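> below: sequence and its predicted model.
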Amino acid sequence: MRDAPASAPRVLIYSHDTFGLGHLRRSRAIAHAIVAVEREARVVIASGSPFVDRFAFSDRVSAVRLPPVTKRVDGIYAPLEPGGALDERIAERAAIIEATAEAFRPDLAIVDKEPTGLHGELLPTLERLSVRGCRCVLGLRDILDDAERLAPEWERKGAVAAVERFYDEIWVYGAARIHEPLRALALGPSNRLHYLGYLRREAPHWPPGRSEPTMAGAPFLLVTPAAAATGPG
C-alpha cells in the first residue's frame, strides 16, 4: 500500500471470519467503496479468514491476517490447526488486533457483526480506540438469529453493554421495511441505528480471451457450495 498524507482518513475494519467467505467479501466491498469515494483514504482489514491472502485488494486497502479459528460441528470454536488451545489463540489474535490499531491509528473503526469480537478479543482494542477518540461503528447484515436466540447470546457475550459503551453508530446493510434484526434488543437511542441498503457488488471482469461454454437450450446443473453454521454464532 502506497504512502499517504498524515491527514488522509484511516479506516480499520475488523472481521472475526471463522469460516466461509461472506464476512471477508462484505469487508472488502466496504473497503473498496471507501477508497473509491475518498481519494486519499487508507483501509486496513483485520480478518481471521484463512483465505484473506488469496483476495486482491485496491492499492489503498491492505489486510492483516489473524491466526485462524474454526467452528466445529458442535458449535465450539477451536484453532484451525489441531492440538492448539483456544485461549492462547484468542490472546494471540487480540494482541495482533491491538498492535494493528496502535500502528495504524484509525479515525474510524468498522466492526463486522461481533460487537466484542470473537470470545471478547476486540475489547482491549475498543478500550484504546475509545480513549483516543476514534469513532466506532458496528456493521450488521440484515439477517441475524431469531430474537429468542439473539437476545440471550448478546447478553452472554456482553454485546449490548459493549454497544452502549463503545459504538457511535450501528449500520445495517439492509432495509428496515424488509427486516429489523435488532428489534428485540434494547440498544439505547435509535438515532444511532442506520439502514444503509444492500451492498452493491460488481461482477468480476473476465480476462481477455476467456471463453464460456455454449449452453443455449441445453439442461445444466448449478451448484452453489456454502458452509452451514451450527450453534450460537
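Structure received. If you're wondering where the values come from, they're calculated on a predicted model, not measured in any experiment. Numbers count the residues shown, from 1 in each chain.
> all helices for this protein, in order.
22-37, 86-104, 123-132, 147-157, 159-166 (DSSP state H).
> among the ones you listed, show the one with the smallest mean pLDDT.
Here these differ in mean pLDDT, and the lowest is helix 147-157 at a mean of 84.
> what are the contacting residues of that one?
When contacts are defined by C-beta atoms under 8 Å, 6 or more residues apart in numbering, helix 147-157 is touched by residues 114-116, 120, 144-145, 159-160, 181, 183-185, 232-233. From N, CA and C alone the C-beta is placed, and that goes for glycine too.
> again, only this time at 10 Å
Helix 147-157 is contacted by residues 114-120, 144-145, 159-163, 181-187, 232-233 when judged by C-beta atoms under 10 Å, 6 or more residues apart in numbering.
> make a ChimeraX selection of the buried ones in these.
The ChimeraX command for the buried members of those (criterion: 16 or more other C-beta atoms under 10 Å) is given here:
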select :114,115,116,117,118,119,120,144,145,159,160,162,163,181,182,185,187
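> got CSV for the helices of the chain, with distance to L140 too?
Formatted as CSV, these follow (distance: least, C-beta to C-beta, whole Å):
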stretch, distance to L140
helix 22-37, 10
helix 86-104, 19
helix 123-132, 16
helix 147-157, 11
helix 159-166, 11
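> and these: which comes nearest A78?
helix 86-104 (5.8 Å; C-beta to C-beta).
> run the angle between that closest one and helix 123-132 for me.
In terms of direction (axes from the mean of the first three to the mean of the last three C-alpha atoms, to 10 degrees), helix 86-104 departs from helix 123-132 by 20 degrees.
> same for helix 86-104, what does it pack against?
Applying 3 or more C-beta pairs under 10 Å, 6 or more residues apart in numbering; DSSP states H and E, we find helix 86-104 packed against strand 10-15, strand 42-47, strand 61-65, strand 69-71, strand 77-79, helix 123-132.
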